[in-house]
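K.L.:
requesting a structural model of the entry that follows:
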Amino acid sequence: MNRISKYILKIISILLLWSNAFFIVAGENDESKRTFYGFSVDFDLADPFLSALNPNRFGVNASVQADLLRTVFPVIEVGYATYEGASYYSYLTPEMIEQPPNYRYHVNGTYYKIGVDFNLLSSKDHTKNAIPIGFLGIRYGISPFNYKIENLMVKDFYWNDETYLNAKGSTIGQWAEFVAGVRTPIYKNFCLGVSARFRQFLYIKEKREGDKVVRSSFAPGFGEKENDTWGFRYTISYFFPFTK
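P.N.:
Residues are numbered from 1 along each chain as shown. Next comes the predicted model:
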């Protein structure tokens, strides 16, 4: 079993243990409470806003989240992003060297995240549909994406030779996120939410191009792996209640 598989199994095990503990406690406290209250669908407003400010990136994402016991909130996030990362990319060279003006490094692809949030608020109204929550959570993210490199100068400092690399292909990135945030109803079942995220990269698959190895530095859903460890979402959502 490789290192990434061990990370994934550990994350899943922790989520299952936490969820099971919450179900047991909730069942002991009040057997009349429902297990499933409904689900919410949200759209992230921060990604389009950041895309408007930065012409080198574009992104959209949304998520679906279930409400279990007003305490446990499993979630799936889906998104798409593109990056023009030429100003950051130097992973093929032993040190940063001046690149030609027509150098390009482009990344695009979808990404998926699965995880769970835990409502930390002690007061939980079981009679309403959408309720305010303050939460901590965890995510596992994965992105199969495409890259394209044009006119990257690669220098051999021993022989003082310069060559240019042109390559395109696909690879995959994986990471973990730790989340903290709040969400509150604003009108009927419409809600606004905000969350901050600390992201830790786990793995990007390297690809070989001739005698060189392409080590991608961007991944959709994460950004630049050395500089974009912090992120946030500002969401508008609608809660769909479950009625018996």
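K.L.:
doesn't residue 49 belong to a strand?
P.N.:
No: assessed with DSSP: H, G, I helix; E, B strand; the rest coil, residue 49 is helix; it does not lie in a strand.
K.L.:
where does the prediction get shaky in this protein?
P.N.:
1-32, 86-98, 155-161, 211, 244 (pLDDT under 70).
K.L.:
any chance you could map the helices in it?
P.N.:
3-29, 46-53 (DSSP state H).
K.L.:
which elements pack onto the shortest one?
P.N.:
Other helices and strands packing on helix 46-53, by 3 or more CB pairs under 8 Å, 6 or more residues apart in numbering; DSSP states H and E, are strand 57-68, strand 230-241. C-beta coordinates here come from the backbone N, C-alpha and C atoms, glycine included.
K.L.:
centre of the chain to that helix, how far?
P.N.:
16 Å (CA atoms, centre = their mean, to the nearest Å).
K.L.:
hmm, who's touching it?
P.N.:
Under the criterion CB atoms under 8 Å, 6 or more residues apart in numbering, residues 57, 58, 59, 60, 61, 79, 81, 232, 233, 234 lie in contact with helix 46-53.
K.L.:
buried stuff in it?
P.N.:
46, 47, 50, 51 (16 or more other CB atoms under 10 Å).
K.L.:
and the gap between the first one and residue 101?
P.N.:
As defined by CB to CB, to the nearest Å, residue 46 lies at a distance of 32 Å from residue 101.
K.L.:
can you say which of the contacts of helix 46-53 are buried?
P.N.:
Using 16+ other CB under 10 Å, the buried members of the contacts of helix 46-53 are 57, 58, 59, 61, 79, 81, 233.
K.L.:
for the first one, which non-adjacent residue is spatially closest?
P.N.:
Leaving aside its chain neighbours, residue 57 sits nearest to residue 83 (5.3 Å; criterion: CB to CB, 6 or more residues apart in numbering).
K.L.:
and stretch 111-126, C-alpha only, in PDB?
P.N.:
Output of stretch 111-126 as PDB, limited to C-alpha atoms (Å, rounded to 0.1, in the frame of the first residue of the first chain):
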ATOM      1  CA  TYR A 111     -11.700  18.700  -8.900                       C
ATOM      2  CA  TYR A 112     -13.600  16.800  -6.200                       C
ATOM      3  CA  LYS A 113     -13.700  17.000  -2.400                       C
ATOM      4  CA  ILE A 114     -15.300  14.800   0.100                       C
ATOM      5  CA  GLY A 115     -15.500  15.500   3.800                       C
ATOM      6  CA  VAL A 116     -17.600  16.300   6.800                       C
ATOM      7  CA  ASP A 117     -18.400  19.300   9.000                       C
ATOM      8  CA  PHE A 118     -19.300  19.200  12.700                       C
ATOM      9  CA  ASN A 119     -21.700  21.800  14.200                       C
ATOM     10  CA  LEU A 120     -20.200  23.200  17.400                       C
ATOM     11  CA  LEU A 121     -23.100  25.300  18.400                       C
ATOM     12  CA  SER A 122     -24.700  24.000  21.600                       C
ATOM     13  CA  SER A 123     -28.200  25.300  20.700                       C
ATOM     14  CA  LYS A 124     -29.800  23.400  17.900                       C
ATOM     15  CA  ASP A 125     -33.400  24.100  16.900                       C
ATOM     16  CA  HIS A 126     -34.900  20.800  15.700                       C
END
